[in-house]
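# how would this look folded up:
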Amino acid sequence: MDKILVPEVLALPRRKTLPARPDRLLEQLDKVERELQHWIAKSRKNGDWFRRDPLAAMRAAGLDMEDNIMLELELVTKTIVKKLK
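Numbers count the residues shown, from 1 in each chain. Predicted coordinates:
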């Protein structure tokens, strides 16, 4: 039976490949990741703040991120929180 399914699976249309350039949000997060990790490691207070309110902590860290990217990140995190509830 497995031999019959293989040709059918191979005949399925292929998904389009992902664009070579990553999403802008991921690109920006990658850009500031090291700086954010350094800021969190500076003090326990920063780490606690980031755990409680990551977006406010990222703003307080003075990361160089565009406002529209921060808004997008906020929407994404709120959506995740809703799904987890």
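# going forward, measure contacts and count neighbours with C-alpha atoms only.
OK.
# Give me the residues contacting stretch 47-64.
Contacts to stretch 47-64, defined as C-alpha atoms under 8 Å, 6 or more residues apart in numbering, come from residues 32, 35-36, 39-41, 46, 70, 74.
# Just the buried ones from these, in ChimeraX syntax?
Applying 16 or more other C-alpha atoms under 10 Å to the contacts of stretch 47-64, the buried members can be selected in ChimeraX as follows:
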select :35,36,39,40,46,70
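# On the C-terminal side of the lowest-mean-pLDDT helix or strand in the chain, identify the next helix or strand.
Across the helices and strands of the chain, mean confidence by mean pLDDT, DSSP states H and E is lowest for helix 2-10: a mean of 51. Scanning forward in sequence from helix 2-10 by DSSP states H and E, the next helix or strand is helix 24-42.
# for the record, mean pLDDT for that following helix?
For helix 24-42, the mean per-residue pLDDT is 92.
# In terms of secondary structure, what does it contact?
If contacts are counted by 3 or more C-alpha pairs under 8 Å, 6 or more residues apart in numbering; DSSP states H and E, helix 24-42 sits against helix 44-52, helix 67-84.
# what sits up against that helix?
46-47, 50, 58, 61, 63-65, 69, 72-73.
# ok, of these, which come out buried?
For these, buried by 16+ other C-alpha under 10 Å: 46-47, 50, 58, 61, 63, 69, 73.
# hang on, the earlier thing: want to try CSV for the contacts of stretch 47-64, with distance to Leu25 as columns?
Formatted as CSV, these follow (distance: C-alpha to C-alpha, whole Å):
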residue, distance to Leu25
Val32, 11
Glu35, 16
Leu36, 15
Trp39, 20
Ile40, 20
Ala41, 23
Asn46, 23
Met70, 8
Glu74, 11
